[in-house]
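A.B. asks: Please work out how this folds:
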Amino acid sequence: MKLQRRDSPNFNARPKGTLVSAIILHADAAQTVAQSLSWMMARESRVSYHYLVGRFGDVYQMVDDEKRAWHAGVSSFAGKGDCNNYSIGVSFGNRNDGVEPYREDQLSAGVRLCADLMRHYPAITLTRIATHAAVALPPGRKTDPGPRFPLTEFLARVGRLAGSVT
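C.D. replies: Numbers count the residues shown, from 1 in each chain. The predicted model follows:
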């Protein structure tokens, strides 16, 4: 997979000894990928993802996997708080307005990315891929990647490509 690099200043070190063990899926809520990238690369935003999957399947890496991107905020996954510490943030270019659909080439690129991440980080299984809406605290604080994101189908496709069913 060809990654386009756009460096965000919004990251820090993961806690020493942290095992990367989850993927959190987001929608950027921007009108365009250019707007999202500009915001992620602005120090004042204090927000970043590891990856952004554009509407046409273009994939941008903004933070190295080994670093802690600032994407999940106050959060908890399977009883463990501060998801930013141990997760990879993958965002999709989408207004998250319940109207804009996710495009097939975008979903396919996201499937490939998540399957690659699962192969690279064995602690990430299908049950360790969650939406921002599912991990944000308090519950209901976030809605992304939104009602148009086909989560069940997406996870099935990731599992098939990664060779995993768990």
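
A.B. asks: Which parts of the protein are strands?
C.D. replies: 3-5, 11-13, 22-27, 51-53, 59-61, 67-69, 76-77, 80-81, 87-92, 129-131 (DSSP state E).

A.B. asks: Serialize the ones you listed to a markdown table and add fields for mean neighbour count.
C.D. replies: C-betas here are computed from N, CA, C, even on glycine. Putting those into a markdown table (neighbours: other Cβ atoms under 10 Å) gives the following:
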| stretch | mean neighbour count |
| --- | --- |
| strand 3-5 | 10 |
| strand 11-13 | 13 |
| strand 22-27 | 26 |
| strand 51-53 | 27 |
| strand 59-61 | 19 |
| strand 67-69 | 21 |
| strand 76-77 | 17 |
| strand 80-81 | 13 |
| strand 87-92 | 26 |
| strand 129-131 | 20 |
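
A.B. asks: Including mean pLDDT and distance to residue 120, could these go into CSV?
C.D. replies: Shown next, in CSV, are these (pLDDT from 0 to 100; distance: least, Cβ to Cβ, whole Å):
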stretch, mean pLDDT, distance to residue 120
strand 3-5, 96, 13
strand 11-13, 98, 18
strand 22-27, 98, 11
strand 51-53, 98, 13
strand 59-61, 98, 13
strand 67-69, 98, 15
strand 76-77, 98, 19
strand 80-81, 97, 21
strand 87-92, 98, 10
strand 129-131, 98, 14
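
A.B. asks: Kindly reformat these as TSV containing distance to residue 154.
C.D. replies: Converted to TSV, the strands of the chain look like this (distance: least, Cβ to Cβ, whole Å):
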stretch	distance to residue 154
strand 3-5	20
strand 11-13	26
strand 22-27	8
strand 51-53	11
strand 59-61	15
strand 67-69	20
strand 76-77	17
strand 80-81	23
strand 87-92	10
strand 129-131	9
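
A.B. asks: mind checking which of those strands is nearest residue 148?
C.D. replies: Relative to residue 148, the nearest member of the strands of the chain by Cβ to Cβ is strand 22-27, separated by 8.8 Å.

A.B. asks: the longest helix in this protein is where?
C.D. replies: helix 104-120 (DSSP state H).

A.B. asks: in it, what counts as buried?
C.D. replies: Counting neighbours by 16 or more other Cβ atoms under 10 Å, one finds that the buried residues in helix 104-120 are 106, 107, 109, 110, 111, 112, 113, 114, 115, 117, 118.

A.B. asks: for stretch 71-87, same thing?
C.D. replies: 71, 72, 75, 77, 83, 84, 85, 86, 87.
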